[in-house]
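J.: model the following, please.
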Amino acid sequence: MTYTAELLFLNGATITPAFEHNIQRPTVAVPLFPRVSIAPGSYDYVRTGVTIRSDQSAPIAGTLTTSSGAFFDGNLDRAEVTTRWSPSPYVSLRGSYEINRLRSLGTRDSSFITHLAGPEVRIFLNPRVQWSAFYQYNTAVQRASLNARFSWEFLPLSFLYVVYNDRQAVMTGTSPMARSLIVKLSWLGQL
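T.: Predicted coordinates for the structure are as follows:
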């Protein structure tokens with residue numbers, strides 16, 4: 001259960017404190033990270049946090065989210081920062097960074113820090129034609145992912161999508177773990 005409240009400011013900013021009560025009852029071991037798994041059992045834990053947002057409709061906007069508390073049989077401290085810059089209605093650039101500090105977690109009583117970082121770009125030619133790309137790097141699994149998507153509404157409710165995905169381990173000279181190109185055409189036909 002999550003309990004939140006929200007303070008709204010006249011300038012469009014918000015502050016949202018949160019209280020979260022988790023009840024987990026895994027019946028088999030749960031692998032959370034490489035070499036870290038949670039033993040079956042009963043886990044009741046509490047986490048608290050706060051999210052601070054500037055005016056999200058402004059050309060430059062930011063969000064800071066922090067939380068702390070228990071996590072299964074250990075502890076997790078988390079912070080995430082997201083910024084967005086929209087210099088025009090046709091372009092939006094976003095960056096996000098998340099850090100997680102885990103302590104005394106799992107059957108091996110593991111403690112470690114993970115990082116997740118990702119830039120994103122969105123470009124609109126007009127309301128019917130747009131392109132976006134998102135890259136993400138995750139230190140917990142040493143993996144990088146890229147997702148790029150083009151969409152075109154060529155008739156009302158008729159679309160062409162082209163999506164490219166690339167996921168790979170971050171080591172020089174390795175080939176992609178997964179690569180895909182998807183083309184989808186959907187149109188509204190009337191009889």
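
J.: any idea how far the closest residue in space to Val50 that isn't next to it in sequence is from Arg128?
T.: Spatially, and ignoring its direct neighbours in sequence, Val50 is nearest to Pro17 (4.8 Å; CB to CB, 6 or more residues apart in numbering). The way it works is simple: take the backbone N, C-alpha and C, and place the C-beta from them, glycine included. Look at Pro17 and Arg128: by CB to CB, to the nearest Å, they are 41 Å apart.

J.: which residues touch the spatially closest residue to Tyr43 that is not a sequence neighbour?
T.: Spatial nearest neighbour of Tyr43, chain neighbours left out: Gln24 (4.2 Å); criterion: CB to CB, 6+ apart. With contact taken as CB atoms under 8 Å, 6 or more residues apart in numbering, Gln24 is in contact with Ser42, Tyr43, Asp44, Tyr45, Phe72.

J.: helix or strand: which one has Arg122?
T.: strand 110-126 (DSSP states H and E).

J.: just to revisit the earlier point, quickly find the element holding the residue nearest to Val50.
T.: Counting by DSSP H and E, Pro17 is found in strand 14-24.

J.: partner strands of that strand, parallel or antiparallel?
T.: Applying DSSP bridges, strand 14-24 is found paired with strand 2-4 (antiparallel), strand 7-8 (antiparallel), strand 43-53 (antiparallel).

J.: would you mind finding the most buried of the ones you listed?
T.: Mean neighbour count (mean count of other CB atoms under 10 Å) peaks for strand 43-53 among the strands paired with strand 14-24, with a mean of 15.

J.: how far out from the middle of the chain is it?
T.: 17 Å (CA atoms, centre = their mean, to the nearest Å).

J.: partner strands of the next helix or strand after that strand and their direction?
T.: Downstream of strand 43-53, the next assigned helix or strand under DSSP H and E is strand 60-71. Taking DSSP bridges as the criterion, strand 60-71 sits next to strand 43-53 (antiparallel), strand 74-88 (antiparallel) in its sheet.

J.: so what touches strand 60-71?
T.: 18, 20, 45-56, 75-86, 102, 105.

J.: okay, and the beta partners of Glu120?
T.: Glu120 forms beta bridges with Arg94, Phe134, as assigned by DSSP bridges.
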